[in-house]
Structures are given as structure tokens and as C-alpha cells.
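J.: fold the following and give me the result.
(one chain, ligands or ions: 2)
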Amino acid sequence: MSMLKGIAASNGVAIAKAYTLEAPELSFETKKVDDVESEVTRLQDALGISKQELEKIKENARQSLGDEHAEIFSAHLLILNDPEMIAPMQDKIKNESVNAEAALDEVANMFISMFENMDNEYMRERAADIRDVTKRVMAHLLNVTFPDPALIDEEVIIIAEDLTPSDTAQLNKQFVKGFTTNIGGRTSHSAIMARSLEIPAVVGTKTVTTDVKDGDIIIVDGVEGEIIVNPSEDVIAKYEAKQADFEKQKEVWAQLKDEPTISKDGTHVELVANIGTPDDVQGVLNNGGEGVGLYRTEFLYMGNSDFPTEDQQFEAYKSVLEQMGDKPVVVRTLDIGGDKELSYLDLPKEMNPFLGFRAVRLCLERDDIFRTQLRALLRASTYGNLKIMFPMIATLNEFRDAKALLLEEKENLTSEGVNVSDDIEIGIMVEIPSTAVIARQFAKEVDFFSIGTNDLIQYTMAADRMNERVSYLYQPYHPAILNLVNNVIEAAHAEGKWAGMCGEMAGDSIAIPILLGLGLDEFSMSATSILPARTQIKDLSKEDLASYKDELLSMSTADEVEAFIREKTNQ
Ligand SMILES: C=C(OP(=O)(O)O)C(=O)O
Ligand SMILES: [Mg+2]
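T.: Residues are numbered from 1 along each chain as shown. Ligands and ions are numbered 1, 2, ... in the order given. Just a heads-up that it's a prediction; the model follows:
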């Protein structure tokens, strides 16, 4: 028996035989060709068959995973239909007389490395999409069979270097009990799909394909992020019990899907979700989200080759609002810059991009970009319960200026005869320490706060959130952070306003009791964290936790805070 560690990507425990999903052998030689026209035709044929296959996979995915996930394959089809991608391949064949394989490989790699080098996880995933579709086209050019997970007809756990979105979409849950890969992280496509399919998965093990042989019995522990290879009978029995516990746990979670989130002593808090696109809304509803606490609109800008038009934005916002019905939707205005770049917005390189020209700073200077977004939001406001917030607010004047532009556009629209809702709350993200410190002054003017701890921690601890070497300074339980958070909540309440949190901290099981005790009103997290959080809060007494407040705020280290909470909440 041996054990491998990886990243817990999808909850649950699976026990079955290992099945290696071989990556196809796609090596080729670059060759000169005489007949360039027939080489171009060969490329077109391979593209054509790939498109037909993807249409089928998309349909399968729609049936097994839902519309939201099938959209990935629309993105794949778009890649294969994208003249910016395909024309350079054809030109390469014609101008350099090379074979289709070489043209495909070179052009695709150019796009892949462009996307991969972006400091942004979402864009890096686009590189994975291109890699996925090009492999399929390459296999057709080489006449190599592409692996077909849909053919699996016995209970297995898949092991693979990585699973592409198209692999995952073909998995039949009846037979595929779980999977584990060498590469990937919690937000890679395969991990997201595993959570939708609700099959346990551990990714990023680095070596599972070499450490496990086909036919070995393995356990995937998607809770702890562990793979156990050839376990003894005793260990199997232990994990079977764990599996049964987990199934029971899921039933308990599911019972709370349509319930409000109420603590043991009767306090209601809102558990809402962070989303990046309208496609994410289904996941929010499936997981009993009481609203959207953060809609990161920049993905709309990043997924485009130019600024999205007012109408394109209007459609996206309207779709989210309509799908959410009367539930609140907090839309954050464009937060570009820092780690989020736009290929079509040429900004000078900065020494410290996280401290630079970004988010509302950029929007106030480029008010043409900002006004377009504000108009789209205002037009969509009558389709649901919209709240708007501005990111990276450091001074009251920034808030006042941004709000003034919003009100100006509202007036413009009204005079154009367009209906705009009259009760849109206007709030800010609190992610800069200066704002957290004088939250009292802000609270007189904003309708709400949403604390962005991902940035607030980075700026308070002076630790770049992208830099692995200083990641130990990402300390959500640090007393300095707790004091800032407390200051914001108290300031909001003193003015009769509400305070939420949309950084990762809001879904953390150690932070949740602390935040409940401090009086946080709204917790915004990834959709799949909502039901476990609701279950946790149901068993917590807000009054007890509030009584620890002074003690917690005067502690000296994050470790002290964590140990204290673990003891008080039996974690
Ligand atoms: C939610 C936040 O915003 P983002 O992660 O998009 O910067 C944050 O900073 O906590
Ligand atoms: Mg932020």
C-alpha cells in the first residue's frame, strides 16, 4: 500500500480499479510538401471531422452536465471556426510549403504560449482549450485513434496526465467513479467538471500515472486530496465507512438547499455566490445560493478581442438578473489591471501593477469605457434586483466621482426614455486598508460594503498574492485583518448599512465562525461551498461567537486565532 498527495478538487470518496486514459501518440515530422492545395484540404478535412465530433460531445455534455458546461464546447467550436487561428495555418502551408501537422502545431503553440503567459488563471484556461482542440485535429491528421472515455463499461477510477474538458464531458458517472491526474488545480476545467458531475477527484498529484498501474485498486479521497494505492482490506473498510458518511452528509446538505441560512440562535445571514459569467448562474441556483455577491464583470472583457459593446454587456447583465429572479445580484464594475490584462488595451508596463493604474482608477480616467458599462448596467436594472459596487476604492473622492458618473448616465438614459430602476444600491469593495480604516466616513455615503479579502490581505501584509514565496503571509486570521474587518462591519452597522465579504475568506470554515461573531451580514463564496457553509452556520451560536470578539481582536498571531476557533467549534 502506498499513498500519494494531490489537490482535493471534488469532494467524496471513490474506491475502484485504476484505468489509465492514455494520451494519444501525436508526434510528427515537419515535412516539405509539393502539393500545397491538397495539404490545405487535408487540414480542412481534419478540422471538419473534429467539428462534427465536438458537436456530438457538446450534445452529450448538454444532457449529462447541463447547458452551462456544454458551452465549453461552443468555445472549442469557435476556436476551430476562428479565422484568426485557421488562416495563419493555411498561409503557413501555402507560403512555406510545410505539412498540415507542422502548420497546425506552430500556430496553435503560438496562441497557447500567448494565453499561458498571461498572469490570469481564466486566460490560462483558454490555453488549455486550444491545446485540447488542436490535439483532436492532430490525431485526425495522423490517423491516430483519439481516446474515447465514453467506451468505458466497468467501474473504474480514471488516471491520466490531465483530463481535457472533452474527456470529462464523455465520462459516464455510472462507471467512472472518480479520477486523478498529474497536473491541474482546483480551478482547472477538469476540477470544475468533476464538481458538477459530483464525482470525487484529486488533481495535481504529479506522479499518479507512473506510481499507479492499470488494474491497481485505488482510493480517491477527494476530501483530503489523497490517493491510496492497493489498500489492505482494513483500509478499504475504513474508506467505505467514510464514503457512507459523506453520502449521508450530502443528503443533509441537500435538505438545506431551499432553506435560508440561520444560525443556531436564530440569526439570518445571506450565503451568496461569486460568479464570472452568466453561465455560472445555474450552479448558484443548484447549490441554493441566496443571490450573487460578486459578479466579476472583467471576464466579459477578457473573453473578447475588443471592448464588449453596450448591448453585449446589457445582454449579459440582463441574463444574470433574469435567471436570479428577485434574488440580489451585486455586480462589480470593471476591475482590470494588476493581474488582469486586456490584450486590446495597451497600457504601459508598470513596476508594481498591483499598486498601479487599475480598476476604478482606470475607469475614472477612461470614462468612455466606464460609461458604456454603467449604461449597460442601468438598462439591465429593471430585470432583477441589481446592486452595483466599485472595486479598489482608496478615497472617498473616487467613490463620489464614480457615483456621480453613474447618476449622470442614469439621467441621460431617463431623458432618452429608457426605464431605469430607482432602487439600485451603490456600494464599494473594501480591499484597500485606507478604506477599511476610515470605513466610518465611507459608511455615511455608501449603501453597502463588500470586503475583498484577497486584496485586503495582500495590501495589509504587503505580500503579492501571485508570489508563491510570500504566500505564507496570506493570513486571513491575522489579528490585523480581523481588526480591519471588524472596523468595516461596525462602521456599516452604525449607519444602518450592511457589510458583506466576497474574498476567499468568506467560504473558509475557520473564518466563518469568526465572521458570524463579528456580525457579517453577507458571505459570498464559490457556489459549491454554500451548502457546507449553511450546514456549518446552522450549528453555530452567533451570540457565543460574538462573546469571543474582544479576545480574538486582541490576539497576537493568526495561529493563536486558529487554535482558539478550532477548540471552540470542534474543528
Ligand atoms: C474578491 C476580490 O476581488 P478579486 O479576487 O477579483 O481581486 C478580492 O480582492 O477579495
Ligand atoms: Mg480584488
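J.: where does the protein dip in pLDDT?
T.: 65, 68, 119-122, 186-189, 192, 196, 303, 339, 468 (pLDDT under 70).
J.: domain parsing for the protein?
T.: Using automatic domain parsing, the domain parsing of the chain gives 2-21+148-232, 36-142, 269-569.
J.: mind putting those domains into TSV with distance to ligand 1?
T.: (Each C-beta comes from the backbone N, C-alpha and C, glycine too.) Formatted as TSV, the domains of the chain follow (distance: least, C-beta to the nearest ligand atom, whole Å):
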stretch	distance to ligand 1
domain 2-21+148-232	12
domain 36-142	10
domain 269-569	3
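J.: residues contacting residue 516?
T.: 263, 267, 269, 537, 540, 542, 545 (C-beta atoms under 8 Å, 6 or more residues apart in numbering).
J.: next, the nearest residue to residue 30 once chain neighbours are set aside: secondary structure please.
T.: Among residues not flanking residue 30 along the chain, residue 102 sits closest, at 4.1 Å (C-beta to C-beta, 6 or more residues apart in numbering). At residue 102, secondary structure determined by DSSP: H, G, I helix; E, B strand; the rest coil is helix.
J.: contacting residues for residue 102?
T.: Taking C-beta under 8 Å, 6+ apart, we find residue 102 in contact with 28, 30, 31, 92.
J.: and for residue 28?
T.: Residues in contact with residue 28, defined by C-beta under 8 Å, 6+ apart, are 99, 101, 102, 105, 138, 141, 142.
J.: list the buried ones in the helix or strand containing residue 323?
T.: Per DSSP states H and E: residue 323 is located in helix 310-324. Buried residues in helix 310-324, defined by neighbour count with 16 or more other C-beta atoms under 10 Å: 310, 313, 314, 316, 317, 318, 319, 320, 321, 323, 324.
J.: ok, stretch 449-462 next?
T.: Residues of stretch 449-462 classed as buried: 449, 450, 451, 452, 453, 455, 456, 457, 458, 459, 460, 461 (neighbour count, 16+ other C-beta under 10 Å).
J.: give me the subset of those residues touching ligand 2.
T.: Restricting the buried residues of stretch 449-462 to those touching ligand 2 (C-beta under 5 Å from the ion) yields 452, 455.
J.: okay if I get the buried residues of stretch 449-462 as JSON lines plus secondary structure?
T.: Converted to JSON lines, these look like this (three-state DSSP):
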{"residue": "449", "secondary structure": "strand"}
{"residue": "450", "secondary structure": "strand"}
{"residue": "451", "secondary structure": "strand"}
{"residue": "452", "secondary structure": "coil"}
{"residue": "453", "secondary structure": "helix"}
{"residue": "455", "secondary structure": "helix"}
{"residue": "456", "secondary structure": "helix"}
{"residue": "457", "secondary structure": "helix"}
{"residue": "458", "secondary structure": "helix"}
{"residue": "459", "secondary structure": "helix"}
{"residue": "460", "secondary structure": "helix"}
{"residue": "461", "secondary structure": "helix"}
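J.: return the set of buried residues in stretch 87-100.
T.: Residues of stretch 87-100 classed as buried by neighbour count (16+ other C-beta under 10 Å): 88, 89, 90, 92, 93, 98, 99, 100.
J.: ok so, going back, for the contacts of residue 28, which one is nearest residue 408?
T.: Using C-beta to C-beta, residue 105 comes nearest to residue 408 of these, at 51.6 Å.
J.: helix or strand for that closest one, which one?
T.: For residue 105, the host element (DSSP H and E) is helix 100-116.
J.: what sits up against the one helix or strand residue 361 maps to?
T.: Using DSSP H and E, residue 361 sits within helix 359-365. Contacting residues not belonging to helix 359-365 are listed as 333-338, 357, 369-370, 373, 390-393, 398, 401-402, 405 [C-beta under 8 Å, 6+ apart].
J.: contact residues of this structure facing ligand 2?
T.: Taking C-beta under 5 Å from the ion as the criterion, the chain approaches ligand 2 at residues 431, 452, 455.
J.: excluding its backbone neighbours, what's nearest residue 327?
T.: Take residue 327 and drop its neighbours on the chain: the residue closest to it by C-beta to C-beta, 6+ apart is residue 291, 4.3 Å away.
J.: do I have it right that residue 129 meets residue 72?
T.: Yes - Residue 129 lies in contact with residue 72 (C-beta atoms under 8 Å); the separation is 7.3 Å.
J.: top helix in the protein by residue count?
T.: Criterion DSSP state H: the longest helix present in the chain is helix 36-65.
J.: what residues sit buried inside the next helix or strand after it?
T.: Remark: after helix 36-65, the chain's next helix or strand is helix 67-81, criterion DSSP H and E. Across helix 67-81, burial judged by 16+ other C-beta under 10 Å covers 68, 69, 70, 71, 72, 73, 75, 76, 77, 79, 80.
J.: same deal with stretch 225-238?
T.: Quick answer for stretch 225-238 (16+ other C-beta under 10 Å): 225, 226, 227, 228, 229, 231.
J.: cool, and stretch 562-570?
T.: Of the residues in stretch 562-570, 562, 564, 565, 568, 569 count as buried by neighbour count, 16+ other C-beta under 10 Å.
J.: in strands, which of the residues you listed appear?
T.: Using DSSP state E, no member of these falls within strands.
J.: which single one of those residues is nearest to ligand 2?
T.: Of all the buried residues of stretch 562-570, ligand 2 sits closest to residue 562, with 23.5 Å by C-beta to the ion.
J.: now do the contacts for that closest one.
T.: By C-beta under 8 Å, 6+ apart, the neighbours of residue 562 are 477, 510.
J.: now the helix or strand that the helix holding residue 105 is followed by against helix 36-65, angle please.
T.: The C-terminal neighbour of helix 100-116 among helices and strands, as given by DSSP H and E, is helix 121-142. Here helix 121-142 points in a direction 120 degrees away from that of helix 36-65 (axes from the mean of the first three to the mean of the last three C-alpha atoms, to 10 degrees).
J.: what is helix 121-142 packed up against?
T.: Counting contacts by 3 or more C-beta pairs under 8 Å, 6 or more residues apart in numbering; DSSP states H and E, helix 121-142 packs against helix 36-65, helix 67-81, helix 100-116, helix 165-169, helix 189-197, helix 298-302.
J.: show me the contact partners of the second one.
T.: So that's helix 67-81. Residues from elsewhere that reach helix 67-81 (C-beta under 8 Å, 6+ apart): 47, 50-51, 54-55, 57-59, 61-62, 85-86, 129-130, 132-133, 137, 165-166, 169, 189, 193, 196, 279-280, 282-283.
J.: which of those residues count as buried?
T.: Applying 16+ other C-beta under 10 Å to the contacts of helix 67-81 flags 47, 50-51, 54, 57-58, 61-62, 85-86, 129-130, 132-133, 137, 165-166, 169, 189, 193, 196, 279-280, 282-283 as buried.
J.: next one: residue 278 from residue 204, what distance?
T.: 29 Å (C-beta to C-beta, to the nearest Å).
J.: cool, and residue 49?
T.: Going from residue 49 to residue 204 by C-beta to C-beta gives 33 Å.
J.: out of the two, which sits in the busier spot?
T.: The neighbour comparison of residue 49 against residue 204 (other C-beta atoms under 10 Å) goes to residue 204, with 21 against 14.
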